Structure formats: C-alpha cells, structure tokens
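In: with the sequence up front, the predicted model follows.
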Amino acid sequence: MIIRAIRSMTSIAAAVAMVASGVAISQTPAGSTPSAATPGTAPNAVSDVRQDNGRTTKEFVRAATQAGSEEIAAAQLANSKSQSADVKAFAQKMIADHGKADAQLRQVASKKGFAVPVGPASEDSRMLIQLKEKSGATFDAAYARAMAEDHQKGVTLFQQAAQNPNLDRDVQKYAQSTLPTLQDHLTMANKLVAAHASQPVG
C-alpha cells in the first residue's frame, strides 16, 4: 500500500510539472520570449496547482494513516504474544508514538476536510494475519523484520511528502515534524532484527 502511494505521488508530481510547463508555453505569444511574472501577481500555472493539491495530499493522508494503524495493531499483537522484553518495549513505544502521530494527522486532516480511513490497508491486514499465526521466538523474529520493512517504506513516504511543494502546507509540516520519529523507529527496528536474527521467521 505504501509503495503504491509513493509511486502515485511521484507520478502526480511529474504530471504537475508537465502541466505547468505546457500552460506557460501556450500562453506565450508567437515570436516572443516568456517574461518574468509582474510583482504582486502569481504565475497562473503554479498558483492553480498549489491550490488544487487535494489529490496528492489525500494520497499521503490515506497512506500515512493506514500505515500508522498497522503499526499500532501489530504492536498490540506483540504485547500479547511476545515474551521478549525488548520486543514488548519496542511495541509499547510504537503504540505511544504512532497513536500520537495519528491523532495529530487526523486533526490536521479534519481542518482541511480530508477523509481519514480507519484501520490498516488490506495488504497490511494480511501481514497481521500472518503474525497472528506465529508464536514465541518465531513471532519475535517475524515482527522485528516486518517493522523494519514497514518503517523503511514509511520513512521513504514521509521524506517525499516533506519535500513535495504541491502538498497542503499544514500536512507537509506534519510530515516534516514526524519524519525524525520514524527514522528513530527504523533504527530501533533494525536493532531488533539483529537481536533476533538467530530465530527462524517461519
């Protein structure tokens, strides 16, 4: 789900650039060269694109919310199934941090009128089902690896959002402020993978 969202947002950004270029060219009289914008006026193409950024923003809001829901659901599962102190500690931090981030994003999205999905995406749910089938050390290894993979995707998603000029400004600020937390999570998850590397994933 996150990968599809990343590809979609990248495609949208490319399309925006092509549209802006086409508009600028079509508005230039034959035989003349484009001139700089008059002070106090906004270039039409760029202005329109930045105001009509709903699709790009909605893609990110949906992907970020569903990813956060997956992290919380998986962490709750780890709290109940794992017997390892480090796995439980990581899971508790995921619940606290992603719960806070989810509340912040929902607040911003509500102000902007963006619908926020409830629960993980279908493919994320399949991962949760697979985790439910595991137990003991096998569960710990599988959970650690899943969290490392998911947080790598999450960091990529938030990095692109943080640098995307066509994203809603408040949503972009949310991505920028949340990114360091996800990067910390990724570091922690990779350490968890190393700690349980000797265990079979199953």
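Out: In hand now; what should we look at?

In: give me the helices and strands touching the strand or helix carrying M127, please.
Out: For M127, the enclosing helix or strand under DSSP states H and E is helix 122-132. Secondary structure elements in contact with helix 122-132, counted by 3 or more Cβ pairs under 8 Å, 6 or more residues apart in numbering; DSSP states H and E, are helix 54-81, helix 136-162. Where you see a C-beta, it was placed from the backbone N, CA and C, and this is true even at glycine.

In: and M127, which of those is closest to it?
Out: Distances from M127 to each of the helices and strands packed on helix 122-132 were compared by Cβ to Cβ, and the smallest falls on helix 136-162, at 5.9 Å.

In: so after that closest one, what's the next helix or strand?
Out: Tracing the chain past helix 136-162, the next element assigned as helix or strand by DSSP H and E is helix 169-195.

In: which strands and helices sit next to that following helix?
Out: Right, helix 169-195 is packed against helix 54-81, helix 85-112, helix 136-162 by 3+ Cβ pairs under 8 Å, 6+ apart.

In: nearest to H185, of these?
Out: Closest approach to H185 among the helices and strands packed on helix 169-195 is made by helix 136-162 (4.9 Å; Cβ to Cβ).

In: tell me the secondary structure for S198?
Out: When the structure is split into helix, strand and coil by DSSP: H, G, I helix; E, B strand; the rest coil, S198 lands in coil.

In: so how far is D140 from it?
Out: Spatial separation of S198 from D140 under the definition Cβ to Cβ, to the nearest Å is 11 Å.

In: who's more crowded, those two?
Out: D140 (24 against 8; other Cβ atoms under 10 Å).

In: surely that one touches L77?
Out: No: using Cβ atoms under 8 Å as the test, D140 is too far from L77 to be in contact (11.5 Å).

In: and stretch 183-193, what's buried?
Out: Residues of stretch 183-193 classed as buried under the neighbour-count rule (16 or more other Cβ atoms under 10 Å) are H185, L186, M188, A189, N190, L192, V193.

In: export the residues you listed to TSV and tack on pLDDT and distance to L131?
Out: Putting the buried residues of stretch 183-193 into TSV (pLDDT from 0 to 100; distance: Cβ to Cβ, whole Å) gives the following:
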residue	pLDDT	distance to L131
H185	98	17
L186	97	19
M188	98	18
A189	97	14
N190	97	18
L192	97	14
V193	96	15
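
In: name the nearest of those relative to Q107.
Out: Proximity of the buried residues of stretch 183-193 to Q107 (Cβ to Cβ) peaks at H185, which lies at 21.0 Å.
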